[in-house]
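*Asks:* the sequence isn't on hand, but the structure is:
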């Protein structure tokens, strides 16, 4: 079987007409990858495939206790009228007796007064087939029996349940019964028991028949009461869903109008008071430090340069005094040389030498002198600089940073307080929200009470049915009146005995094949063929036992969580292969909670080989960019389900997330 296309119209989150082509382009590319965020319509797509094929018998995820027509009504997109209705169409090909046939199955429904009118149409090989349209429920059971559909259409939740050893036996029991058709055998056995009970009833005395009739009436009354309770629960659930939707919209409006800010107004006010107190403390400490020499830190460089200039002025003054002394000495020396009648040439040489010497020694006199601090001034200036150097500058810096931080915090709080609405502007929303929450609480309690009443009705029903069975069995053998009834009872018991033998034989024959297929799949996924030598399924309680290379039993509980999930995947894979049906495999939430190493096994060893057509419904966190690139050689088509918040609809676009 190849699913070529599915078309959705106003179904669930898919408003309008949405088409998805699913035909693999080659045997080497069997995978169709469909990505979507949670709530984007992945599970809805899986439900649509089952709904269009099986109708009332479909195993849809969110049907719960709703009647079929109520479920169809709920599947109509919420933003369109029920009168507009919804539809699903699937196109697929299937080989029958070696010949390929094409099918188009469409299921259309719309509101008709208080009910739902549904139409099913089937086109086979391009022509409308009225007979198939009228008898599709019987025909589809031949193509793809609904009892084995869960082996090919499943989600990550089923893998998680199978990985849980506490619940896996029940799931495996149901799957094997559906695969081998044992559910039909069990139904036949149950029907034969009903026949025997009826015959036994006809053989009872008038008093016994009266008692039995009385119990039957009591059972009917309990069933009627239970049906009424279920209807009440359904009605309450509908009302609860409506209230929850209204509360969600009210909460959104409340947030948009600043209700959350209003709730935090007292918190903001308290934070502002605390911040203001901290700011006052910091500013007080800064003012205390400012009463000493701290402000002079702003001109510390200027004070130090002033002291240096004053010291250079002293040096220049000393040099000027030296120059005056040298001039006096040089004048006396030259006068002496003149009086001594030294020749003029020598006098000029001496005079030149003395002039150069004075210029070298008095070069510093060029430095400008304007401070004239004196020694006392310099001492005072050094004392100021010393006091500045002893100031705790890091502490001042820390306080200034804290002051700025608190000021920014106050600005932020003031902005929040400024944007806080008045209580009067949201009071209606507050009151409506409180009323809705109260109504929801009341409805939830009502549903809880109804669930308890339903449980009590089930318990009473079980007691009455047990009492009914005991009355049927009492004194039957002593009061047989009809050979025909005796013969029917005897043959019915024999047939049930044969059915029991048949059931045991078919299990014995098929379980070994199934065990081999599951073990082979598990070894392929683990890439450890020598780790496990055998796998066995208990034919009574359907628990799975593994055996290591030494033929020692290995409990599945000893496997890691990832290995148990791979084992669960192997069970589904093995069951699908054992069915002998060439059907597509469709997996929602394919990687579940697997760790990275075990995800690699599924990406590389399962999805490309699970079937001739594999449809994966994944989030971007499961099959991310790395896994997409690894899976890409096996991918024929990739789509993304984009949910539009404004229009409340999902649209299908080509290409994976990025």
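*Replies:* Great, that's in hand. Treat the numbers as computed from the prediction; the structure is a model and nothing was measured.
*Asks:* by mean pLDDT, which helix or strand of the protein comes out lowest?
*Replies:* Sorting the helices and strands of the chain by mean pLDDT, DSSP states H and E puts helix 259-263 at the bottom, at a mean of 63.
*Asks:* next helix or strand past it?
*Replies:* Following helix 259-263 in sequence order, the next helix or strand is helix 265-290 (DSSP states H and E).
*Asks:* for the helix or strand that that next one is followed by, buried residues please.
*Replies:* Where DSSP H and E defines the elements, the next helix or strand beyond helix 265-290 is helix 300-339. Under the neighbour-count criterion of 16 or more other C-beta atoms under 10 Å, helix 300-339 has 300, 303, 306-307, 310, 313-314, 316, 319, 326, 330, 334, 337 buried. Where C-beta positions appear, they are placed from N, C-alpha and C, glycine not excepted.
*Asks:* pretty sure residue 103 contacts residue 91?
*Replies:* Yes: Residue 103 is in contact with residue 91 according to C-beta atoms under 8 Å; the separation is 7.1 Å.
*Asks:* is it true that residue 34 lies in a helix?
*Replies:* No: counting by DSSP: H, G, I helix; E, B strand; the rest coil, residue 34 is not part of a helix but strand.
*Asks:* quickly list what it is bridged to.
*Replies:* residue 617, residue 639 (DSSP bridges).
*Asks:* could you measure from it over to residue 91?
*Replies:* Noted for residue 34: a distance of 17 Å to residue 91, by C-beta to C-beta, to the nearest Å.
*Asks:* out of these two, which sits in the busier spot?
*Replies:* Neighbour count, other C-beta atoms under 10 Å: between residue 34 and residue 91, residue 34 has more, with 24 against 20.
*Asks:* for that one, what are its contacts?
*Replies:* Taking C-beta atoms under 8 Å, 6 or more residues apart in numbering as the criterion, residue 34 is in contact with 20, 42, 45, 615-618, 638-641.
*Asks:* can you lay out these as JSON lines showing neighbour count, pLDDT and distance to residue 14?
*Replies:* Output for the contacts of residue 34, formatted as JSON lines (neighbours: other C-beta atoms under 10 Å; pLDDT from 0 to 100; distance: C-beta to C-beta, whole Å):
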{"residue": "20", "neighbour count": "19", "pLDDT": "94", "distance to residue 14": "10"}
{"residue": "42", "neighbour count": "22", "pLDDT": "88", "distance to residue 14": "12"}
{"residue": "45", "neighbour count": "27", "pLDDT": "91", "distance to residue 14": "8"}
{"residue": "615", "neighbour count": "27", "pLDDT": "92", "distance to residue 14": "16"}
{"residue": "616", "neighbour count": "25", "pLDDT": "91", "distance to residue 14": "19"}
{"residue": "617", "neighbour count": "27", "pLDDT": "91", "distance to residue 14": "14"}
{"residue": "618", "neighbour count": "24", "pLDDT": "89", "distance to residue 14": "18"}
{"residue": "638", "neighbour count": "19", "pLDDT": "94", "distance to residue 14": "18"}
{"residue": "639", "neighbour count": "20", "pLDDT": "94", "distance to residue 14": "13"}
{"residue": "640", "neighbour count": "20", "pLDDT": "93", "distance to residue 14": "14"}
{"residue": "641", "neighbour count": "23", "pLDDT": "92", "distance to residue 14": "9"}
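*Asks:* out of those, who's nearest residue 129?
*Replies:* Using C-beta to C-beta, residue 20 comes nearest to residue 129 of the contacts of residue 34, at 24.4 Å.
*Asks:* confirm residue 620 sits in a strand?
*Replies:* No: read with three-state DSSP, residue 620 is coil and lies in no strand.
*Asks:* which one is it nearest to, not counting chain neighbours?
*Replies:* With C-beta to C-beta, 6 or more residues apart in numbering as the criterion, residue 620 has its nearest non-adjacent residue at 4.6 Å, and that residue is residue 657.
*Asks:* pretty sure that neighbour contacts residue 639?
*Replies:* No: between residue 657 and residue 639 there is no contact under C-beta under 8 Å: 10.3 Å.
*Asks:* ok, residue 175 - contacts?
*Replies:* For residue 175, the contacting residues are 150-151, 571-572, 575, by C-beta under 8 Å, 6+ apart.
*Asks:* state the pair within those residues that is farthest apart.
*Replies:* 150 and 571, at 12.0 Å, using C-beta to C-beta across the contacts of residue 175.
*Asks:* tell me which of those two has more neighbours.
*Replies:* Set residue 150 next to residue 571 and count neighbours by other C-beta under 10 Å: residue 571 wins out with 27 against 18.
*Asks:* right, and that one touches residue 172 too?
*Replies:* Yes: between residue 571 and residue 172 there is a contact under C-beta under 8 Å: 6.5 Å.
*Asks:* which neighbours do residue 657 and residue 639 share?
*Replies:* residue 35.
*Asks:* how about the buried residues of helix 300-339 in a markdown table, adding pLDDT and distance to residue 603?
*Replies:* Below are the buried residues of helix 300-339 laid out as a markdown table (pLDDT from 0 to 100; distance: C-beta to C-beta, whole Å):
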| residue | pLDDT | distance to residue 603 |
| --- | --- | --- |
| 300 | 72 | 68 |
| 303 | 77 | 73 |
| 306 | 83 | 77 |
| 307 | 79 | 77 |
| 310 | 80 | 82 |
| 313 | 79 | 85 |
| 314 | 78 | 86 |
| 316 | 77 | 87 |
| 319 | 77 | 90 |
| 326 | 77 | 99 |
| 330 | 79 | 104 |
| 334 | 81 | 109 |
| 337 | 81 | 112 |
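*Asks:* which one of those residues is nearest residue 518?
*Replies:* Of these, the one sitting nearest to residue 518 (C-beta to C-beta) turns out to be residue 300, at 83.9 Å.
*Asks:* ok, the spatially closest residue to residue 247 that is not a sequence neighbour to residue 514 distance?
*Replies:* Using C-beta to C-beta, 6+ apart and skipping residues adjacent in sequence, the residue nearest residue 247 is residue 436, 4.3 Å away. According to C-beta to C-beta, residue 436 and residue 514 sit 52 Å apart.
*Asks:* between those two, which has more neighbouring residues?
*Replies:* residue 514 (22 against 18).
*Asks:* what sits closest to that one if chain neighbours are left out?
*Replies:* Closest residue to residue 514 apart from its sequence neighbours, by C-beta to C-beta, 6+ apart: residue 578 at 4.9 Å.
*Asks:* what do you get for residue 38?
*Replies:* Counting by C-beta to C-beta, 6+ apart, residue 38 lies nearest to residue 619, which is 6.5 Å off, once chain neighbours are set aside.
*Asks:* could you give the backbone dihedrals for that neighbour?
*Replies:* Torsion angles at residue 619 (phi, psi; degrees, to the nearest 10) stand at phi -90, psi 170.
*Asks:* likewise for residue 81?
*Replies:* Per degrees, to the nearest 10, the backbone of residue 81 is at phi -70, psi 150.
*Asks:* and it, what does it touch?
*Replies:* residue 111.
*Asks:* gap between it and residue 124?
*Replies:* To residue 124, residue 81 is 33 Å away according to C-beta to C-beta.
*Asks:* before we move on, what about residue 459?
*Replies:* In terms of C-beta to C-beta, residue 459 sits 49 Å off from residue 124.
*Asks:* quick one, which of those two is more surrounded?
*Replies:* When residue 459 and residue 124 are compared for neighbours, residue 124 comes out ahead with 17 against 11, by other C-beta under 10 Å.
*Asks:* mind giving me the domain split of this protein?
*Replies:* Here the domain assignment for the chain is 204-258+422-479, 296-390, based on automatic domain parsing.
*Asks:* export the ones you listed as a markdown table, with columns for distance to residue 611.
*Replies:* Below are those laid out as a markdown table (distance: least, C-beta to C-beta, whole Å):
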| stretch | distance to residue 611 |
| --- | --- |
| domain 204-258+422-479 | 37 |
| domain 296-390 | 80 |
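*Asks:* quick one: which of those domains is nearest residue 539?
*Replies:* That would be domain 204-258+422-479 among the domains of the chain, by C-beta to C-beta, at 27.0 Å.
*Asks:* okay, the residue nearest to residue 514 and residue 103: tell me how far apart.
*Replies:* Going from residue 578 to residue 103 by C-beta to C-beta gives 25 Å.
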